[in-house]
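what would the 3D arrangement of this be:
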Amino acid sequence: MFTCVYCGTQFLEHKPNCSNCGAALKADSNPARESSGQKSAFTMIYKVCDQYQDNPSIYFDDSIDPARMKNALSNLNIPENERVIMLYDDTVFNINNKVGFAICEQGIYWKNDWSVDTKRNHLPWLAFAEREIVRDGYHISLGKGDRIGMAGCGSDEIREKVIAMLKEIQALLRR
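This is a model prediction of the structure:
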């Protein structure tokens, strides 16, 4: 029996996403699918994100409610088989995750509002590790035309903390 940690729905067999709330279901580690390097990178990224969850716009792991997870999966175009570690909600009043970004097992996904141009909406960790991360006004620039909007957070201090988190993840990936 498998249980969705977000809404409690039970399944007889494992599925990539909950049919009730849409959340990515976490299966037990599968050694055939996950090399020790991938598992170790996931664990390190998870630990970094855990240190930054004091931001009111950040939702971490099991504290992500089912409705927010469902919106994020759909709006940020996160694949069904992707494990979400952390969500940042850049919508007004942080209510629906229609824009923002997600730190996931395989990379970072984002969606901006109409005011922020970007060439892509996803970077796998390998590509992310090679990018220069800089603050660009109310946005985070990842180089090569990729930008993540952060106007909704309302604070330069929060933007700087998010940039510090991303740089810390990047430093781990470069090792």
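
and the closest residue to V116 other than its chain neighbours, bridged to which residues?
Distance criterion Cβ to Cβ, 6 or more residues apart in numbering; nearest residue to V116, sequence neighbours excluded, is G149 at 3.8 Å. C-beta: built from backbone N, CA, C; applies to glycine. Beta-bridge partners for G149, by DSSP bridges, are H139.

and G149, how far from K98?
When distance is defined by Cβ to Cβ, to the nearest Å, G149 is 12 Å away from K98.

these two - which one has more neighbours?
Between G149 and K98, counting by other Cβ atoms under 10 Å, G149 is the more crowded of the two (23 against 16).

bridging residues for the nearest residue to I64 once chain neighbours are set aside?
Closest residue in space to I64, ignoring its immediate chain neighbours: L87 at 5.9 Å, by Cβ to Cβ, 6+ apart. Beta-bridge partners recorded for L87 (DSSP bridges): Y59, A102.

test my guess that L87 contacts N97.
Yes: the pair L87 and N97 qualifies as a contact (Cβ atoms under 8 Å) at a distance of 6.0 Å.

so what sits against both of the two?
R68, A72 (Cβ atoms under 8 Å, 6 or more residues apart in numbering).

dump the residue contacts of the residue nearest to I64.
Per Cβ under 8 Å, 6+ apart, neighbours of L87: I58, Y59, F60, I64, R68, M69, A72, N97, G100, F101, A102, I103.

OK, contacts around the residue nearest the centre of the chain?
Nearest to the mean C-alpha position of the chain, counting by Cα atoms, centre = their mean, stands A102 at 1.8 Å. Applying Cβ under 8 Å, 6+ apart to A102 gives the contacts A72, L76, I78, V84, I85, M86, L87, Y88, I108, Y109, W110.

if you count neighbours, what's buried in the longest helix seen in the chain?
When the chain is parsed with DSSP state H, its longest helix is helix 156-174. Residues of helix 156-174 classed as buried by neighbour count (16 or more other Cβ atoms under 10 Å): I158, R159, K161, V162, I163, M165, L166, E168, I169, Q170, L172.

which one in the contacts of L87 is the model shakiest on?
Scanning those for pLDDT, the smallest score is found at N97, 81.
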